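K.L.:
build me a model:
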Amino acid sequence: MKNIEFIDVPSIEKAKSRKIKSKYYDYNFNPTLKTLDALKNKKYFIRTYGCQANIRDEEIISGILNRLGMIKTNNEEECHLAILNTCAVRENAEDKVYGQIGDFKNIKSKNKDLIFMICGCMIEQKHIIDLILEKFPYVDIMFGTHNIVDLVTLLNKYFEEKKRYVFVSSREGDVFENLPSSRNETYKAFVNISYGCNNFCTYCIVPYTRGRERSRLSKEIIAECKELVEKGYKEITLLGQNVDSYGKDLNNGDTFAKLLDEVASLNIPRLRFLTSYPSDFKDDVIDVMAKHDNIMKFIHLPVQSGSDEILRLMNRRYNSKEYLDLINRIRSKIPNIEFSTDIIVGFPNETYDQFKETIDLVQKVHYTSAFTFIYSPREGTPAARLNDNVTYEEKVKRFKELVAALEKDFDYFAKKMIGNTYEVLVEEVSKKNKELLRGYTENNKIVHFKGDKNLIGQIVKVKINDSHLYSLFGELVNE
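P.N.:
Numbering: from 1, shown residues only. Have a look, this model is predicted:
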């Protein structure tokens, strides 16, 4: 068994720190000749779990590996280097990763030279690193979200010393520009505008795994978006754990509204943003959205609960009235706006009456889509220390009741779309029916329709003929 070198290990106490101002660096690409010779023309495999931030991390990792002369493959059986890019938001995401790690035991037994790496949010937790080191001795390298920029350094060390490495830093966080990037699509792109989070919701591990909230400089963001527009991209999604607080740490007058206005003015056909935090969503953002037709009239606005007491226990900095007031202010200026949300069911000690307050809020907002979760404790978070008197069976019962309430609105709004024509960004051939294409409307609804594969990456008009609740079916409108 290889020796283990701990370059850095995660610490919850370090991860809580928000004292030091972020620094800005240009990325340093520093491979040794031995690393370049070992990896040139070899294949690598990446599997990513979790959110859009993880997908963007994958694109950066791919960019670095491509620059080393490697070639991406979707077949883990033929790769020389494999990376699992993990998520820690929910327990079932971690369970999937453990299963995938187990699958690689057989792959590595047949391919002794395979370099097996694990990165992402899951690895930012020391107890998980300890478990992996003990149960999965064939994992060669683990690195954290802050250490993607150190990937080449890790590979240099690996080819020099052939040890197992743990490099997971619980940093407050810095900002690196000019990172290599290999985008997964040629027609839509994610653009980070900020990293990390300062909110510390009591159920959430993200502030510990991704560090303090830090904004990129607007000139760097605008330059990246302008390049995407020039390359013919059809859609940009601005990314941050809390996009609405963009610029607060810069102290130079930059705000999310100002940035959104500048990016929209680049004339990208479609502009979206994720994720918004209700108490930071200001009226100037509403005004910018109303001003620009290319900003999609669809907002993901997580509420998490409709109970003020549960929101307080979650450390969410708003109450249900403030949330509903925001919804109404947005609708008053953008009447055709649609909303999606995140909702957690079964937070520790949630009463049924408190749960019913969530149902009541759902029925007032009328969401057109939602991500719903049964509460999953994350070790190291304040909520994980709470005793919980709600049984899992009761949580499941409430979850089903919530989904039923949400689906009444989903069904209503989907059926309202039948007979109307919408612009659809064509993304791929349907996974379930190879004769159909699949794309998204401006209001983020999935549409299936017949069409030529050459339409992938284009915005086309589709008339909606049928609704299956979570997806629509239509026909291409020839102009």
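
K.L.:
tell me what Leu271 is bridged to.
P.N.:
On the basis of DSSP bridges, Leu271 takes part in beta bridges with Ile236, Ile295.

K.L.:
tell me the contacts of it?
P.N.:
When contacts are counted by CB atoms under 8 Å, 6 or more residues apart in numbering, Leu271 is found next to Glu235, Ile236, Thr237, Leu238, Leu260, Val263, Ala264, His292, Asn294, Ile295, Met296. (Glycine included, C-beta is placed from N, CA and C.)

K.L.:
residues in contact with the lowest-mean-pLDDT helix or strand in the chain?
P.N.:
When the helices and strands of the chain are scored by mean pLDDT, DSSP states H and E, helix 12-16 comes last with a mean of 86. Counting by CB under 8 Å, 6+ apart, the neighbours of helix 12-16 from elsewhere in the structure are Glu124, Lys126, Ser170, Arg171, Pro207, Tyr208, Thr209, Gly211, Gly380.

K.L.:
can you list the strands that whichever helix or strand comes after it pairs with?
P.N.:
Downstream of helix 12-16, the next assigned helix or strand under DSSP states H and E is strand 24-26. When pairs are called by DSSP bridges, strand 24-26 turns out to pair with strand 175-177 (parallel).

K.L.:
how far off centre is the partner strand?
P.N.:
19 Å (CA atoms, centre = their mean, to the nearest Å).

K.L.:
could you number the chain from 554 rather than 1 from now on?
P.N.:
Yep, numbering from 554; the last one is strand 728-730 now.

K.L.:
tell me which residues of that strand come out buried.
P.N.:
Val728, Phe729 (16 or more other CB atoms under 10 Å).

K.L.:
please apply the same query to stretch 953-973.
P.N.:
Along stretch 953-973, the positions that meet the burial threshold by neighbour count (16+ other CB under 10 Å) are Glu954, Leu955, Ala958, Leu959, Asp962, Phe963, Phe966, Ala967, Met970.

K.L.:
just the buried residues of stretch 992-1000, please?
P.N.:
Residues Gly992, Tyr993, Thr994, Glu995, Asn996, Lys998, Ile999, Val1000 are the ones in stretch 992-1000 that count as buried (16+ other CB under 10 Å).

K.L.:
actually stretch 762-781, not the one I wrote
P.N.:
For stretch 762-781, by 16+ other CB under 10 Å, it's 762-769, 771, 773-775, 777-778, 781.

K.L.:
among those residues, which ones are in helices?
P.N.:
Of the positions in the buried residues of stretch 762-781, Thr762, Arg763, Ser771, Glu773, Ile774, Ile775, Glu777, Cys778, Leu781 sit in helices, assigned by DSSP state H.

K.L.:
mind showing which ranges of the stretch 854-1003 of the chain have poor pLDDT?
P.N.:
Filtered on pLDDT under 70, the stretch 854-1003 of the chain yields no residues whatsoever.

K.L.:
hey, where'd the strands end up in the stretch 804-953 of the chain?
P.N.:
Using DSSP state E, counting those that start in this stretch, the strands assigned to the stretch 804-953 of the chain run over residues 823-827, 851-853, 891-898, 922-927.

K.L.:
for the protein, what spans make up the helices?
P.N.:
565-569, 586-592, 605-620, 644-663, 679-688, 704-714, 759-763, 771-783, 809-817, 836-844, 861-866, 873-886, 905-918, 945-969.

K.L.:
TSV for the ones you listed, including distance to Gly1004?
P.N.:
Output for these, formatted as TSV (distance: least, CB to CB, whole Å):
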stretch	distance to Gly1004
helix 565-569	48
helix 586-592	40
helix 605-620	26
helix 644-663	33
helix 679-688	44
helix 704-714	39
helix 759-763	39
helix 771-783	25
helix 809-817	28
helix 836-844	30
helix 861-866	45
helix 873-886	34
helix 905-918	34
helix 945-969	21
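
K.L.:
so for Tyr748, which of those sits nearest?
P.N.:
Evaluated with CB to CB, these place helix 759-763 nearest to Tyr748, the distance being 6.2 Å.

K.L.:
report all helices and strands that that closest one contacts.
P.N.:
Helix 759-763 is packed against helix 565-569, with contacts defined by 3 or more CB pairs under 8 Å, 6 or more residues apart in numbering; DSSP states H and E.

K.L.:
quick one: distance of the helix it packs on to the chain centre.
P.N.:
For helix 565-569, the distance between its averaged C-alpha position and the chain's averaged C-alpha position is 22 Å (CA atoms, centre = their mean).

K.L.:
what's the answer for stretch 841-849, then?
P.N.:
The chain centre lies 23 Å from the centre of stretch 841-849; the measure is CA atoms, centre = their mean.

K.L.:
among the ones in helices among the buried residues of stretch 762-781, which one sits closest to Tyr830?
P.N.:
Lowest distance from Tyr830 to these (CB to CB) belongs to Arg763, with 14.8 Å.

K.L.:
if we can go back for a sec, got a winner among the contacts of Leu824 for most neighbours?
P.N.:
Using other CB atoms under 10 Å as the neighbour criterion, Val816 leads the contacts of Leu824 with 28 neighbours.

K.L.:
distance of that one relative to Asp610?
P.N.:
With distances taken as CB to CB, to the nearest Å, Val816 is found 21 Å from Asp610.

K.L.:
picking that back up, most surrounded residue in the contacts of helix 565-569?
P.N.:
Neighbour counts for these peak at Glu677, which has 30 neighbours (criterion: other CB under 10 Å).

K.L.:
quick check: chain neighbours aside, which residue is closest to that one?
P.N.:
Counting by CB to CB, 6 or more residues apart in numbering, Glu677 lies nearest to Thr762, which is 3.8 Å off, once chain neighbours are set aside.

K.L.:
show me what contacts the one you found?
P.N.:
Under the criterion of CB under 8 Å, 6+ apart, the contact list for Thr762 reads Ala568, Ala641, Cys674, Glu677, Gln678, Gly697, Thr698.

K.L.:
now do Asn594
P.N.:
Residues in contact with Asn594, defined by CB under 8 Å, 6+ apart, are Gly622, Met623, Ile624.

K.L.:
from what I see, Ser1024 and Thr994 are in contact.
P.N.:
No. Taking CB atoms under 8 Å as the contact criterion, Ser1024 and Thr994 are not neighbours in contact, 11.0 Å apart.

K.L.:
hmm, back to that, just say which of the helices of the chain is most tucked in.
P.N.:
Counting by mean count of other CB atoms under 10 Å, helix 759-763 has the highest mean neighbour count of the helices of the chain, with a mean of 24.

K.L.:
what's the model's confidence in that one, averaged?
P.N.:
Per-residue pLDDT over helix 759-763 has a mean of 91.

K.L.:
now do stretch 646-654
P.N.:
Here the mean pLDDT over stretch 646-654 is 88, rounded to a whole number.

K.L.:
who touches it?
P.N.:
600, 602-603, 637, 639-641, 671, 675, 681, 685, 689, 692.
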